[in-house]
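> what follows is a predicted protein model with its sequence.
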Amino acid sequence: GIQVEQSPPDLILQEGANSTLRCNFSDSVNNLQWFHQNPWGQLINLFYIPSGTKQNGRLSATTVATERYSLLYISSSQTTDSGVYFCAVNAGGTSYGKLTFGQGTILTVHP
Amino acid sequence: KAGVTQTPRYLIKTRGQQVTLSCSPISGHRSVSWYQQTPGQGLQFLFEYFSETQRNKGNFPGRFSGRQFSNSRSEMNVSTLELGDSALYLCASSLSYGTSTYEQYFGPGTRLTVT
């Protein structure tokens, strides 16, 4: 099946710094999502971005489907950005309803 | 629009027992997917239901089963619980047309502890 690899596994920042999280996937996809998991376990939707670039406030994401990677940019980080960030993909075809997740990037933002 | 809801939020069971978890999707969403999250294995896909039919299944033993009702609400059942079944169980709902899977929205999860 499709493989999803996220880097870096851990990231420690000072408040105000910028960061880039990367997601590589092993095959073509028809759906790619970025999530932030809060301390209570809830997965918060950040972006639905099978291709192209999107921006939402301090966050933006780019997916280059032909090269099989996606990037999540966080600018002017805040302590509330801390948590685990997941990339997840759907391979299409008969992969109904199945998102394959990366192992996540643990982001810690210090004040 | 109300989000995805899951009940119960927390559950403690004993080895050998069985458990049923419930998920109510966003209104209008007919696809419901279930996932298991553990520290060792991460987030893994269990199964997906659409219009009361299981369309896809992950690599889990037959002790894990599910169903979907005509109002799109879904339940999953785990029989003969093992210690390794302790996990956060998440469900997600989405629109689905044909073979396409659109953006999934997740519920808050059910945290199951097996003792």
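Done, it's in.

> and B:Asn56, what element?
strand B:53-57 (DSSP states H and E).

> now that strand: mean pLDDT?
For strand B:53-57, mean pLDDT is 95.

> cool, and stretch A:80-99?
In the prediction, stretch A:80-99 has an average pLDDT of 93.

> where's A:Gln55, which helix or strand?
Assigned by DSSP H and E, A:Gln55 belongs to strand A:52-56.

> in its sheet, what does the next helix or strand after that strand sit against?
Note on strand A:52-56: by DSSP H and E, the next helix or strand toward the C-terminus is strand A:59-64. With DSSP bridges as the test, strand A:59-64 is paired with strand A:52-56 (antiparallel), strand A:69-74 (antiparallel).

> can you name every helix or strand that the helix or strand that comes right after the strand holding B:Asn56 contacts?
As assigned by DSSP H and E, the chain's next helix or strand after strand B:53-57 is strand B:64-68. Contacts defined by 3 or more CB pairs under 8 Å, 6 or more residues apart in numbering or on different chains; DSSP states H and E place strand B:64-68 against strand B:42-50, strand B:53-57, strand B:74-78. C-beta coordinates here come from the backbone N, C-alpha and C atoms, glycine included.

> export the second one as CSV, just CAs?
Just to be clear, that refers to strand B:53-57. C-alpha atoms of strand B:53-57 as CSV (Å, rounded to 0.1, in the frame of the first residue of the first chain):
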residue,chain,number,x,y,z
THR,B,53,-22.4,-1.3,3.2
GLN,B,54,-18.8,-1.9,4.2
ARG,B,55,-16.8,-0.8,1.2
ASN,B,56,-13.3,-1.1,2.6
LYS,B,57,-11.5,-2.8,5.5
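
> give me the residue from chain B nearest chain A.
B:Glu48 (2.9 Å; CB to the nearest CB).

> what residues are up against that residue?
The contact partners of B:Glu48, by CB atoms under 8 Å, 6 or more residues apart in numbering or on different chains, come to A:Tyr96, A:Gly97, A:Lys98, B:Ser31, B:Val32, B:Ser33, B:Trp34, B:Gln54, B:Arg55, B:Asn56, B:Lys57.

> any chance of these in TSV, plus distance to A:Leu46 and neighbour count?
Below are the contacts of B:Glu48 laid out as TSV (distance: CB to CB, whole Å; neighbours: other CB atoms under 10 Å in any protein chain shown):
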residue	distance to A:Leu46	neighbour count
A:Tyr96	23	23
A:Gly97	20	24
A:Lys98	20	26
B:Ser31	20	25
B:Val32	21	29
B:Ser33	18	31
B:Trp34	22	25
B:Gln54	29	15
B:Arg55	26	18
B:Asn56	24	18
B:Lys57	28	15
